[in-house]
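Participant: got a predicted model here, sequence first, then my questions.
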Amino acid sequence: MNSKPDLKQTIQELGPWFHNLRIDGIETAPEHFLGDYPRYKWEGFRHVVPERLDGWKVLDIGCNAGFYALEMKRRGADRVVAIDSDARYLAQAEFAAGEAGLDIEFRQMTVYDVAKLGERFDLVIFMGVLYHLRHPLLALDLLYEHVADDWLLFQSMQRGPDSVAEVAENYDFEEESLFSKPDFPALYLIEHRYAGDPTNWFIPNRAGVEALLRSAGFTIAEHPEREVYLCRRGERPVMAYSPP
C-alpha cells in the first residue's frame, strides 16, 4: 500500500476529482461545490438497493471515479462492470478500486456502445448521464434493448416544475395549449453552456424524465428522491423505436 504522503500525492496527480471518495482516510474532493458528493445523495436512496447483491451482475454507465461501482461491489455483487468515456475518470476509478481491494472491470466506452458488451445485467446504474447526451432517448432505448435485464437505477438533473400532468394517448392537431403547460413533459435544449459545461445538452422537467423512462419501456418502481428513480424493465410501447 502507498504511504500517506505518497497516497496524497497520487490523489492530487489524478485530480481534479468530481467524486469525493475516501481513500485510506484521504478525501479526493473535500472542497466539492455540492458538498460530500455523491455520498450525501446516495444516503437518500441507498435503501432502494438490496443490502446484499450476491449473484448479481451490475453495470455502472458513466461511472466517473467509481463511487457507485465501489458501493455495489461492497454489497457483494458477483460482477461489476463500469464504463466511462473519460480516460481520466477511469484512471481515478481504477486507482480507487485497487486501493480498496475491489475487483471491478473498467472499460472506456460510451452509452451508445453498450451493445458491444454482449451481455445483460441485473442492475444498470445510469446516474448523472442523460443530460450530457445529444441523443438521450436513443441512450435509454439502447439500455432497454441490450443491457438491462431487470432493474435500472436512474438519475438526471431536472429543472422546471415538479408537478406531472396526466398524458393522453393522443391529441388533436389543433391542440396547442398543452405545450404551454409547465407540467407537460419537456426537455430544455441547452444550445451553448449550462453551469459552464458545454456537455449539458438536454435538461428535462420531472414529467419529461418520467415520460422518457416510460417510452423506453421502463416502469417506475420507486422515486426516493426528486431526481432519482428505481425502474424495472417492462413492456415497450407499441410505437417505440428499436435501435440496432
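Facilitator: Noted; the coordinates are in hand. Numbers count the residues shown, from 1 in each chain.

Participant: the nearest residue to Pro204 once chain neighbours are set aside and Leu117, how far apart?
Facilitator: Excluding its sequence neighbours, the residue lying closest to Pro204 (C-beta to C-beta, 6 or more residues apart in numbering) is Leu187, at 5.0 Å. C-betas here are computed from N, CA, C, even on glycine. Distance, Leu187 to Leu117, by C-beta to C-beta, to the nearest Å: 27 Å.

Participant: which residue, other than its chain neighbours, is closest to the spatially most central residue of the chain?
Facilitator: Against the mean C-alpha coordinate of the chain, by C-alpha atoms, centre = their mean, the closest residue is Met127 at 1.5 Å. Once flanking residues are discounted, Met127 sits nearest to Gln155: 4.2 Å by C-beta to C-beta, 6+ apart.

Participant: do Gly234 as well
Facilitator: Thr219 (3.9 Å).

Participant: strands along this structure, start to end?
Facilitator: 22-23, 26-27, 57-61, 79-84, 105-108, 121-127, 148-155, 187-189, 202-204, 218-225, 228-233 (DSSP state E).

Participant: which one of those strands lies closest to His135?
Facilitator: strand 202-204 (9.1 Å; C-beta to C-beta).

Participant: and the closest one, what does it pack against?
Facilitator: Here strand 202-204 touches strand 187-189, going by 3 or more C-beta pairs under 8 Å, 6 or more residues apart in numbering; DSSP states H and E.

Participant: what lines up beside the strand it packs on in the sheet?
Facilitator: Paired strands of strand 187-189, with direction, are strand 202-204 (antiparallel) (DSSP bridges).
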